[in-house]
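In: Okay, here's the prediction I keep looking at, along with the sequence it came from:
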Amino acid sequence: MDESNPVFIKLDQYKEILDIVEVINKKVINVKQNLSELEELKNKEEEEIMNWEKNMDEITHKMESLHEELYKE
Amino acid sequence: MAGKITEQHGFFMRINNPNDFRKNLLESSKVILHILKQIYRVKQIRETKYELMNKVSKEIKELKILVCKINELMPMYRKEDLKKRFPKLDVKKKPEKVGGAKSGPGFEEHISRIEKVSKTLDEVHRRLQSI
């Protein structure tokens, strides 16, 4: 279709399009909110995993000192 | 007598700092408990995340259907097609404005809204891919 030429839409279809656009707008807002929530959850998960690593390092350190204690002399 | 004791009890190893040793052991088990808690939390977060992702993907599918519907509603006729379908219609003549000059800018406004929605949809799609 030639992009520069205007097209004419039947009034009832035009109204239908407007209604659909309205629904799309609401859905987009909803999806955006869900995406922000997802991002938040993702950050939380990363934070938890980082803490997890820190704790694992702590355990490794403690185990090393126990090992040292056991294999002294 | 001493030989008997050795036979009964075997050999012993000396641990110089038994208190530190026990403290380290206890602290290790405490940290392990922390890790178990974290694993549980991560599991919960992932479950919520998957539920939310399913919800988002469902909504995106619905959006896709709605956008297709708009596409279907938009006329696809060119001037030549219109001439063929409606030979009496003068396509060069501009339609008379009904109810004042409101229809022109209003239509443009709605078209810009559609463009805005499609841009936002693209943005949502991009953000979804990044997650």
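Out: On my side now, so go ahead.
In: going forward, measure contacts and count neighbours with C-alpha atoms only.
Out: Will do.
In: Just the helices from chain B, written as ranges.
Out: Assigned by DSSP state H, chain B shows helices spanning B:2-9, B:18-73, B:79-85, B:103-130.
In: same thing with chain A?
Out: Listed in chain order, the helices of chain A (DSSP H) span A:11-70.
In: Name the spans of it whose pLDDT lies under the cut-off.
Out: A:1-5, A:73 (pLDDT under 70).
In: now do chain B
Out: Where chain B drops to pLDDT under 70, the residues are B:1-8, B:76-80, B:82, B:89-111.
In: B:Lys49: what's it in contact with?
Out: A:38, A:41-42 (CA atoms under 8 Å, 6 or more residues apart in numbering or on different chains).
In: and with 7 Å instead?
Out: B:Lys49 is in contact with A:38, A:41, counting by CA atoms under 7 Å, 6 or more residues apart in numbering or on different chains.
In: on that earlier part again, quick one: which of the helices of chain B is nearest A:Ile17?
Out: Closest to A:Ile17 of the helices of chain B is helix B:18-73 (CA to CA; 5.8 Å).
In: for B:Phe86, phi and psi?
Out: Main-chain torsions, B:Phe86, degrees, to the nearest 10: phi -120, psi 90.
In: typo on my end, it should be B:Arg14
Out: Per-residue torsions, B:Arg14: phi -90, psi 130 (degrees, to the nearest 10).
In: Any figure for the gap between it and chain A?
Out: 9 Å (CA to the nearest CA, to the nearest Å).
In: Around chain B, which positions in chain A sit nearby?
Out: Applying CA under 7 Å from any CA of the partner chain, we find that chain A lies next to chain B at A:1, A:7, A:9, A:13, A:17, A:20-21, A:24-25, A:28, A:31-32, A:34, A:38, A:41, A:45, A:48, A:52, A:55, A:59, A:62, A:66, A:69.
In: which of those are buried?
Out: For these, a neighbour count by 16 or more other CA atoms under 10 Å in any protein chain shown gives the buried set as A:17, A:20-21, A:24-25, A:28, A:31-32, A:34, A:38, A:41, A:45, A:48, A:52, A:55, A:59, A:62, A:66, A:69.
In: For residue 33, grab the count of nearby residues.
Out: With no chain named, the answer covers chain A. 13 (other CA atoms under 10 Å in any protein chain shown).
In: try again with chain B
Out: Close neighbours of B:Leu33, defined as other CA under 10 Å, add up to 12.
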